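# Quick one: sequence and predicted model below, then my questions.
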Amino acid sequence: MIFIYQDFIKKHIHELTIQDIEGFARKKNISYTKDELLIVYQFIQYHYQDLLDENIKVFEEIKDKISPTLYKQLLNLYIEYKQKYL
């Protein structure tokens, strides 16, 4: 089952838009600036394989580029979804 999720993500990552991230953040009550939104979008686009490989250390790359609150929220979401789907 894990590989089904990973394959789906790999096939569709190029279709992910900033609006998708914005909508997801809104549903999760996550606040961000427009700059942070772009940083997170680019981070996901560039590091999706690392994230699928459960390389949590890649989050260090954006730690100083976004607010501490947003960083913690993203990290917690990653851990939550990793436990569910990876």
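Alright, I've got the coordinates.

# Just the CA trace of the lowest-mean-pLDDT helix or strand in the chain, in PDB.
Across the helices and strands of the chain, mean pLDDT, DSSP states H and E gives its lowest value to helix 2-12, namely a mean of 74. These are the backbone C-alpha positions of helix 2-12, laid out as PDB (Å, rounded to 0.1, in the frame of the first residue of the first chain):
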ATOM      1  CA  ILE A   2       2.900   2.400   0.800                       C
ATOM      2  CA  PHE A   3       4.200   2.100  -2.700                       C
ATOM      3  CA  ILE A   4       0.800   3.000  -4.200                       C
ATOM      4  CA  TYR A   5       0.900   6.400  -2.400                       C
ATOM      5  CA  GLN A   6       4.500   7.000  -3.300                       C
ATOM      6  CA  ASP A   7       3.900   6.100  -7.000                       C
ATOM      7  CA  PHE A   8       0.800   8.400  -7.000                       C
ATOM      8  CA  ILE A   9       2.900  11.300  -5.600                       C
ATOM      9  CA  LYS A  10       5.700  10.800  -8.100                       C
ATOM     10  CA  LYS A  11       3.300  10.700 -11.000                       C
ATOM     11  CA  HIS A  12       1.400  13.800 -10.000                       C
END
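
# Tell me which helix or strand comes right after it.
helix 18-27 (DSSP states H and E).

# Tell me the buried residues in that following helix?
21-22, 25 (16 or more other CB atoms under 10 Å). The way it works is simple: take the backbone N, C-alpha and C, and place the C-beta from them, glycine included.

# Ends of stretch 54-74, what's the gap?
The straight-line separation of the ends of stretch 54-74 (CA to CA, to the nearest Å) is 14 Å.

# got the buried residues for that stretch?
By neighbour count on 16+ other CB under 10 Å, the buried set for stretch 54-74 is 58-59, 62, 66, 70-71, 73-74.

# Poorly predicted segments of this protein, please.
Residue ranges of the chain with pLDDT under 70: 1-3, 86.

# if I look at the nearest residue to residue 39 once chain neighbours are set aside, how far off is residue 9?
Of all residues not flanking residue 39 in the chain, residue 65 sits nearest, at 5.1 Å (CB to CB, 6 or more residues apart in numbering). Counting by CB to CB, to the nearest Å, the gap from residue 65 to residue 9 is 23 Å.
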